[in-house]
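Next come a sequence and a model predicted from it.
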Amino acid sequence: MKSSEELVRPSALPKLACCRCYEGAPGTSEAAERGTRIDKAIRVMWARMVGTAYGEEELPELADTEEKDAVIWAIEQLESVSHDGELFIETDEAKLRAVSQVHGVKDGTMDALCVEGAFLVDFKSGQVRNYKEQMAAYALSCMEEYFADSWTAYLLFVDQRAIVGHSFTADEARRIVEEVVAKPKVPEHCDYCKWCSKFATCPVVTGAVAEVQETPALPACTPAAKSKGDLPDVMQGMLTDHGKAHEFLSKLNVVNDWADELKKRLKTALTPAEGAPAVEDPYFTRVVVAGQRKVMPLALGRYMDRLGWQRILSICPMLPVKDVEEKWKEVYGEEKMPEDLFTTVGGSVQLRLKKQKK
């Protein structure tokens, strides 16, 4: 049996599915701390609603309205999947241990669990990403614990107001997790490169940087050059050789990741100590952009009589359909929203790189 230090955490499984060499960078980011704060608030608030002892835990102090709205939305979704409280959902982390059923994977802790409904819930902040492998590990644990043939995992993306569901049989869940554990440890470029502790030394990253540095210099991509629509000679062949185009863009993505990291480090290096003058540098200037003053729409409510709703709505940006649908449902129930409320803006054609089999 491997030592505990070598075991894989369930939360790392989605990243390891992309690159088996991934290792989380040490320390805790602001985003991670925010996610932990929101997660705890959801679980404690729900426990208070259903009257369990976990509700006596201290409720974290949320930083702003966005965090509060995210928690309220998550509570509403828990009410929905519990059929307005008919199904009991446990949120006490002391009772949510997911015992690993796959050799090489650590035990984990779920965010919420409904045994009666055969489902678990996980709260995620930030962007919508893939967490299927982590959910498979948790679902497999539940199926073994409660002698179930299948289990469902609901991912609540609290910032994006999105729900993603995964349903597993025991065989499916085990296969998904075991495939990640057995994957050869070959470094691969993926969306998690910048989060990896090996980013600065990874051969995929350093190799791509070296190759790009050795590539013949490209002319400046000026507006005039763009208007002509011609590519430099060194890139012209990529229009017909899509393999070379994919290789070039893949390396460019890696180098751009490296450039982002370099800029972040440079900003830190150019930050003066408290009370010290600005750091002089012949190549870079550190510019502090002041935040913009804004007016919260709800703060205008008490002036609505004189301002008039037409004036206020005329300066509001377009609203996401999902947000309007939520408010519409609160008032109109299942009545369909009129089509003349909708408009379509900002459509585009995108090019995405497909992952290539080695």
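In hand now; what should we look at? Residues are numbered from 1 along each chain as shown.

pLDDT weak spots in this structure?
Within the chain, the stretches with pLDDT under 70 are 1-5, 212-218, 225, 258, 348, 357-358.

State the phi and psi torsions of the residue lying closest to residue 18 once chain neighbours are set aside.
For residue 18, ignoring the flanking residues on the chain, the nearest one in space by CB to CB, 6 or more residues apart in numbering is residue 190 at 3.7 Å. Just so you know, the C-beta spots here come from the backbone N, C-alpha and C atoms, and that holds for glycine as well. Comment: the main-chain dihedrals of residue 190 come out as phi -150, psi -180, following degrees, to the nearest 10.

close enough to count as contact, residue 19 and residue 190?
Yes - the pair residue 19 and residue 190 passes the contact test of CB atoms under 8 Å, sitting 4.9 Å apart.

Between these two, point out the one with more neighbours.
Counted by other CB atoms under 10 Å, residue 19 and residue 190 do not tie: residue 19 has more neighbours, with 22 against 16.

how about residue 112, what does it touch?
With contacts taken as CB atoms under 8 Å, 6 or more residues apart in numbering, residue 112 has the following neighbours: 43, 46, 78, 89, 90, 91, 96, 120, 121, 122, 123.

which residues does the residue lying closest to it once chain neighbours are set aside form a beta bridge with?
If the residues on either side of it in the chain are set aside, residue 112 comes closest to residue 121, at 3.9 Å by CB to CB, 6+ apart. Here residue 121 sits in beta bridges with residue 112, residue 154, going by DSSP bridges.

could you pull out the helices for this structure?
With DSSP state H applied, the chain shows helices at 13-18, 30-50, 65-81, 132-146, 170-182, 203-214, 223-228, 233-236, 242-269, 304-307, 309-314, 321-332, listed in chain order.

nearest to residue 110, of those helices?
If you check each of the helices of the chain against residue 110 by CB to CB, helix 132-146 wins as the nearest, at 5.4 Å.

Pull out the buried positions in the closest one.
Neighbour-count burial for helix 132-146, with 16 or more other CB atoms under 10 Å as criterion, is recorded at 132-144.

same thing with stretch 292-311?
Neighbour-count burial for stretch 292-311 flags no residue at all (criterion: 16+ other CB under 10 Å).

and the gap between the residue positioned nearest the centre of the chain and residue 263?
Within the chain, one residue has its C-alpha closest to the average C-alpha position: by CA atoms, centre = their mean, that is residue 127, at 3.2 Å. When distance is defined by CB to CB, to the nearest Å, residue 127 is 21 Å away from residue 263.

re earlier: please convert the buried residues of helix 132-146 to a markdown table, extending it with distance to residue 338.
As requested, the buried residues of helix 132-146 are exported to a markdown table (distance: CB to CB, whole Å):
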| residue | distance to residue 338 |
| --- | --- |
| 132 | 37 |
| 133 | 42 |
| 134 | 41 |
| 135 | 38 |
| 136 | 42 |
| 137 | 45 |
| 138 | 42 |
| 139 | 41 |
| 140 | 46 |
| 141 | 47 |
| 142 | 43 |
| 143 | 45 |
| 144 | 50 |
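
So of these, which two are at opposite extremes in space?
Farthest-apart pair in the buried residues of helix 132-146 is 132 and 144; separation 18.6 Å (CB to CB).

and the closest residue to residue 253 other than its chain neighbours, how many neighbours does it have?
Setting aside the residues directly before and after it, residue 253 is nearest to residue 189 in space (CB to CB, 6+ apart), at 6.8 Å. Residue 189 is surrounded by 20 other residues when neighbours are defined as other CB under 10 Å.

change the start of the numbering to 5 and stick with it
In the new count, where the first residue is 5, that last one comes out as residue 193.

contacting residues around residue 193?
With contacts defined as CB under 8 Å, 6+ apart, residue 193 is in contact with 23, 208, 209, 212, 254, 257, 258.

hmm, 7 Å instead?
If a contact means CB atoms under 7 Å, 6 or more residues apart in numbering, then residue 193 has 208, 254, 257, 258 as its contacts.

my read: the first one touches residue 191, true?
Just to be clear, that refers to residue 208. Yes - in this structure, residue 208 sits in contact with residue 191. The criterion is CB atoms under 7 Å, and the distance is 4.7 Å.

Could you count how many residues lie near residue 163?
Applying the criterion other CB under 10 Å, we find 18 residues in the vicinity of residue 163.

Any figure for the gap between it and residue 74?
With distances taken as CB to CB, residue 163 is found 6 Å from residue 74.

Please enumerate the shared neighbours of those two.
Taking CB under 7 Å, 6+ apart as the criterion, residue 163 and residue 74 both touch residue 129.

Give me the spatial nearest neighbour of the residue nearest to the centre of the chain, chain neighbours excluded.
Sequence neighbours aside, residue 164 is the residue nearest to residue 131 in space, at 6.9 Å (criterion: CB to CB, 6+ apart).

just checking, the one you found touches residue 132?
Yes - in this structure residue 164 lies within contact range of residue 132 using CB under 7 Å: 5.3 Å.

Neighbour count: the two, which is higher?
residue 164 (17 against 13).

Check the gap between that one and residue 127 for me.
Following CB to CB, the distance that separates residue 164 from residue 127 is 12 Å.
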